[in-house]
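**Student:** fold the following, please.
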Amino acid sequence: MLFGATDGPGDIIAVVRGPEREMTVWRKDKLAGLWINAESMTYTNVPSFYAVASSRPLDEVLSPGAASLYRIGTANLRLQSKPPLTGERVQRFAKALVEEQQRSGLIANETGKIAFLGERLFRATFAFPANVPTGSYLVEVFLAKDRDVVGGQTTPLRVEKVGIDAEVSDFARRDAALYGAIAVLTALVAGWLASLPFRGV
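**Tutor:** The predicted structure follows:
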């Protein structure tokens, strides 16, 4: 839940961006009756989470130029291929990457709604899926008038694991070999226990 107050009249846009990471998109093709990875494209600046909320539809609040300048909206993410390339193939793979992230809930499918609680106070709700990566996020809030940005503020947001998830994650990072051995042993024991009911058959 995001709360804030404006300095003056205008529309509010809020953007939550996760840490950028490198991701590879694969295109599968059928060969001899089998589906195999046939082609790939790697992008270096993919946000691990991305969501936008606005007090009105974005195309009414911002001009295309302003939205592009401040990278507001999934169409303005400007994903960078590795190595840097241009053309229809790069755009096609970038579109597929965004769609896959949307299915995972890591890039929002739709623009959220910002509600005003009076003349200056506003509120927005962002949903974070269970698989959201940890790290340092940025919450950017823009004040827009006449279809342009006239003010803004950026606030850091730390996303971390808590409770047993955090303890297991820390243990896996700290003692990777021991964690791997325990995982293998647990799988072996689970398989052995699952086979017991069938031993007398």
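**Student:** for the spatially most central residue of the chain, give its distance to V159.
**Tutor:** In the chain, the residue lying closest to the centroid (CA atoms, centre = their mean) is F49, at 1.9 Å. Using CB to CB, to the nearest Å, F49 is found at 8 Å from V159. (Each C-beta comes from the backbone N, C-alpha and C, glycine too.)
**Student:** mutual contacts of the two, please.
**Tutor:** G18, F128, V132, P133, Y137 (CB atoms under 8 Å, 6 or more residues apart in numbering).
**Student:** where neighbours are concerned, which of these has the most?
**Tutor:** G18 (23 neighbours; other CB atoms under 10 Å).
**Student:** look up phi and psi at that residue.
**Tutor:** phi -90, psi 170 (degrees, to the nearest 10).
**Student:** wouldn't it be in contact with P156 here?
**Tutor:** No: counting by CB atoms under 8 Å, G18 sits too far from P156 to count as a contact (11.9 Å).
**Student:** can you list residues touching both of those two?
**Tutor:** Y137.
**Student:** please enumerate the helices of the chain.
**Tutor:** 58-61, 64-69, 88-103, 164-174, 176-195 (DSSP state H).
**Student:** quickly, which of those bottoms out on average pLDDT?
**Tutor:** Averaged per stretch, pLDDT over these is lowest on helix 164-174, reaching a mean of 69.
**Student:** OK, contacts around S68?
**Tutor:** Contacts of S68 by CB under 8 Å, 6+ apart are N76.
**Student:** how many neighbours does R92 have?
**Tutor:** 13.
**Student:** OK, contacts around the closest residue in space to D29 that isn't next to it in sequence?
**Tutor:** Excluding its sequence neighbours, the residue lying closest to D29 (CB to CB, 6 or more residues apart in numbering) is A38, at 3.5 Å. Applying CB under 8 Å, 6+ apart to A38 gives the contacts W26, R27, K28, D29, L31.
**Student:** contacting residues for the third one?
**Tutor:** Right, the one you point to is K28. Contacts of K28 (CB under 8 Å, 6+ apart): W35, I36, N37, A38.
**Student:** strands - which of the contacts of A38 land there?
**Tutor:** W26, R27, K28, D29, L31 (DSSP state E).
**Student:** could I get these as TSV with pLDDT and distance to L143?
**Tutor:** Listed next are the ones in strands among the contacts of A38 as TSV, based on pLDDT from 0 to 100; distance: CB to CB, whole Å:
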residue	pLDDT	distance to L143
W26	86	41
R27	83	42
K28	80	45
D29	80	48
L31	75	54
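**Student:** now the buried members of those.
**Tutor:** Among these, not one counts as buried by 16 or more other CB atoms under 10 Å.
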